[in-house]
Each structure stands twice: as C-alpha cells, then as structure tokens.
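Student: pasting the sequence and the predicted model now:
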Amino acid sequence: MNLELKGRLKLIADKVPECNTAADIGTDHAYLPIYLVKQGRCQRAVASDVRMGPVQVADRNITKYKLNEHIETRLGSGLETLKNGEADSIIIAGMGGTLVSELLEADTEKALSAKALILQPMNDLDIVRKWLYDHKFDIYDEELAAEGNKIYCVLAARYDGMDKKYQEFQLHVGGKLINNRDPLLLAYCEMKVRQINRVLGQLEDMEDNVRLFDYYNSLKKDYVKLISEL
C-alpha cells in the first residue's frame, strides 16, 4: 500500500536526508514518518505529539500501513519525547515560528546533535532563522511550496558551530531562496507586501505606533526592492 504526499508535506519529506531515525514532532497523522519509512529514507521513526488525539490517529495509520515495528508514537511536548542523540533528522512542521523556536530552545542539545533539522513554520520565519543563526546553525537549504492560495517555506539546517552575520531582512527572506531563484519567490514576496499593507493600515488607526509603523514600512521597502530584482 503506497502513501502519496503532495505540496507542503511532500516538500518536507524531500528535504529529509537518508538517516537511521527520523523524528516528527507534532506528527498529527504520522503521514510523514510513514512515507519516509516506506520510501526507505529512514530505517525507523518516532512520531510524537502533545495531544492524545493525534497520537491515536497516528497509531491507527501506522497499523494500517503495517509499520508498527518501524514507527513508534510518543505523547509529549516537543523534543522532550526524544532520547539524547536518538534522532538523526528532526522534523518540526505545521506550527507557529515562535513555538518552533521555543521547542528548539527547550532541548537545544538534542537539536545540536541532529544531522538535520527540517522546519516548516506557519509564520514568524524571521524568529526561527534568528534562533538558528544565533545558535550557530547553517541553513543549508530552503524551498517554497504552494497549496491553494498559500505559500509555505521549508528550512533545512544543521549545526556547524560557525558564527553567523546577517542583516534584518535576511531573517525574513532566506538567502538560499534568493540565490536559488525559487520559482515561487516572487509570488511569496508579493503576498508578504499585501500582508504588510494590511498591518500598516491597522497601525494608521493606532496611537503611539511610530516605531512599529517605521519597522513595517522599512520591511515593505525591502520586499519591493527584492521584487524589482526578480
């Protein structure tokens, strides 16, 4: 029985390198670990979630695909469900960027020991990139995926111990997206400009908003400049 992934999930799976053990944090339905094991990308996997409901769904799907000997479910928050050095590749996808950063911060040693972190924040990518750079991770790959009218970014990072220098805008649009001329980058930047315009419109009606207004206005200019270069 085959499992086909599309869009965001397929891109996440494609970024996972061949490894012994992959961990899917916040697994929801365990489709990613099921796919990775069936494709031979990893030998075994851990599928964890903070809620019992998703763990039960994951258990049913793992049984459906007859992979109980290869995939283990665990109930708990973030990387605390993993043993030290257990996972070669750690996937954290489908949650806010602030939460992603908090989970990495809570178990930094486990993140450092992984050969790859595959991250797909739903928002606040600048917070995630800043955490990675400040903790001396190399973001060695980034790519965008479209689903309907939404565009998602998948980051692949690993610890290299090197200090990272970066400008503010590089936290919002990763250098790999620009250097690789990602096919969706123009649409992504245009989407971000629309979002910023809505924020600026709201700020105009607020008092004591000068600093925020200037920040978003400057960010908008950086996006517009990049759009003109694509």
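Tutor: Happy to help now that I have it.
Student: list of residues touching stretch 212-220?
Tutor: Under the contact criterion CB atoms under 8 Å, 6 or more residues apart in numbering, stretch 212-220 has outside partners Phe169, His172, Val193, Ile196, Asn197, Val199, Leu200, Leu203, Glu204. Yep, even glycine has a C-beta here, placed from its N, CA and C like the rest.
Student: check which residues of that stretch are buried.
Tutor: By neighbour count, and taking 16 or more other CB atoms under 10 Å as the criterion, the buried residues in stretch 212-220 are Tyr216, Leu219, Lys220.
Student: could you do stretch 151-161 as well?
Tutor: Neighbour-count burial for stretch 151-161, with 16+ other CB under 10 Å as criterion, is recorded at Ile151, Tyr152, Cys153, Val154, Leu155, Ala156, Ala157, Arg158, Tyr159.
Student: stretch 72-92 too?
Tutor: Within stretch 72-92, the residues scored as buried using 16+ other CB under 10 Å are 72-74, 77-79, 81-82, 86-92.
Student: now the contacts of stretch 212-220: which count as buried?
Tutor: Those of the contacts of stretch 212-220 that meet the buried threshold are His172, Val193, Ile196, Val199, Leu200, Leu203, by 16+ other CB under 10 Å.
Student: can you redo those as CSV with distance to Ser228?
Tutor: Supplementary listing: those in CSV, determined by distance: CB to CB, whole Å:
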residue, distance to Ser228
His172, 16
Val193, 12
Ile196, 16
Val199, 21
Leu200, 19
Leu203, 24
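Student: so what's the residue nearest the centre of the chain closest to, chain neighbours aside?
Tutor: When the chain is reduced to its mean C-alpha position, the closest residue under CA atoms, centre = their mean turns out to be Gln120, at 1.8 Å. Nearest-residue entry for Gln120: Ala93, 3.8 Å, with adjacent residues in sequence omitted and distances by CB to CB, 6 or more residues apart in numbering.
Student: my guess is the one you found meets Gly26, correct?
Tutor: Yes - applying CB atoms under 8 Å as the test, Ala93 and Gly26 come out as touching, 7.0 Å apart.
Student: how many neighbours does Glu168 have?
Tutor: Neighbour count of Glu168, defined by other CB atoms under 10 Å: 12.
Student: one more: Ala93?
Tutor: Ala93 has 22 neighbouring residues, counting by other CB under 10 Å.
Student: tell me how far it lies from Asp222.
Tutor: As judged by CB to CB, to the nearest Å, Ala93 and Asp222 stand 27 Å apart.
Student: tell me where this protein has strands.
Tutor: 19-25, 42-49, 71-75, 89-95, 116-121, 137-147, 150-159 (DSSP state E).
Student: ends of stretch 120-139, what's the gap?
Tutor: Taking CA to CA, to the nearest Å, the span from the opening residue of stretch 120-139 to its closing residue is 13 Å.
Student: now do that stretch: distance to the chain's middle.
Tutor: In terms of CA atoms, centre = their mean, to the nearest Å, the centre of stretch 120-139 is found 9 Å from the chain centre.
Student: ok, stretch 180-191 next?
Tutor: Distance of stretch 180-191 from its chain centroid, counting by CA atoms, centre = their mean, is 17 Å.
Student: ranges for the helices of this structure?
Tutor: Using DSSP state H, the helices found in the chain span residues 7-15, 31-38, 52-64, 97-106, 108-113, 125-134, 168-172, 175-179, 185-203, 210-229.
Student: report the angle between the third one and helix 31-38.
Tutor: In other words, helix 52-64. Orientation check (axes from the mean of the first three to the mean of the last three CA atoms, to 10 degrees): helix 52-64 against helix 31-38 gives 30 degrees.
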